[in-house]
Each structure stands twice: as C-alpha cells, then as structure tokens.
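Trainee: I'll drop the sequence and a predicted model, then ask my questions.
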Amino acid sequence: YILQYSEDNSENPSERSYRLENLNCGTWYKFTLTAQNAVGPGRISEIIEAKTHGKEPQFSKEQELFNSINGTCVKLNLIGWNDGGCPITSFTLEYRPLDSPVFNLLDLQEATWYELQMKVYNSAGLAEKRVKFATLNYDG
C-alpha cells in the first residue's frame, strides 16, 4: 500500500497526530511521512509499519463442529467460529467421499465416510479446518 496525504491551508500546522479511518481490520499497513513548508518538502521518513487490531478466524476448541449427523444430512455448528475481531465475510464448504480424488457437492450417501474442508474468511486472512465424518446407516 502507498499512502499519501496532504492538507493545504491547515488551521493548525503544529498538529502532531492524525487519525486514519476506514482501514481494514487485522491488516498490516506501511506509512511514510514528509513535512513541507515554504522552503519545500523535507526528507521522507523511515517506513513505519502498523497493524490494525484483529486476526484471522479460529474455531473454538470448546465447540463441536457437528450439531447432528444422520444417514443423509449433517448439521454444522458455524457459531463455533470466532471472528478474531474482524467480521467473517464468507464461508466455503467442500466435501467428498474419502475414496474420491475430488470434492463434489452431491447428496450425501448413507453409511459413508467423508472429508469436509471449511475455509472461513475475514479481512485479516483465512482459516481452514479439515475433518473426517461418517453418515449413519439406515438403522442408526
């Protein structure tokens, strides 16, 4: 990122702080600063690095990922995802039978082992969780 900012005819030229707003949550930024007066611009400052608060999502170890599993349906507990201080922007869910080389989104088969891959995104990054589960047979 490159940030350039100037304000002409400032009422308070001795101002020693400035608040940047609307930055992305959990994101690193690099800043430089140059002062300017009637003689011209001064030297460019060293690069200043700063990170806004927040981190990528995490799944709570105290939560169960599955609310329930039966022969053809799995209910996931998405509330178990902690947003890390930055709002979650999207979920991606993929699943496949364990013996399949590709993830496909077809109806679940009874009494079958699956692999589930979850990707959870926010502005700070991505979290992934991969688990194995099995659907039940007709008798439970």
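Mentor: Thanks, I have the structure now.
Trainee: in the sheet, who's paired with the residue nearest to the spatial centre of the chain?
Mentor: Centroid-nearest residue in the chain, with CA atoms, centre = their mean: residue 122, separated by 2.5 Å. Residue 122 has the following beta-bridge partners by DSSP bridges: residue 88, residue 125.
Trainee: Now do the end-to-end distance for stretch 82-89.
Mentor: Its start and end residues considered, stretch 82-89 measures 12 Å (CA to CA, to the nearest Å).
Trainee: what sits against the residue lying closest to residue 33 once chain neighbours are set aside?
Mentor: In this structure, residue 33 finds its nearest non-sequential neighbour in residue 45, 4.3 Å apart by CB to CB, 6 or more residues apart in numbering. To be clear about C-beta, it is placed using only N, CA and C from the backbone, and glycine gets the same treatment. The contact partners of residue 45, by CB atoms under 8 Å, 6 or more residues apart in numbering, come to 32, 33, 34.
Trainee: Rebuild those as JSON lines, extending it with secondary structure and neighbour count.
Mentor: As requested, those are exported to JSON lines (DSSP: H, G, I helix; E, B strand; the rest coil; neighbours: other CB atoms under 10 Å):
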{"residue": "32", "secondary structure": "coil", "neighbour count": "12"}
{"residue": "33", "secondary structure": "coil", "neighbour count": "14"}
{"residue": "34", "secondary structure": "coil", "neighbour count": "12"}
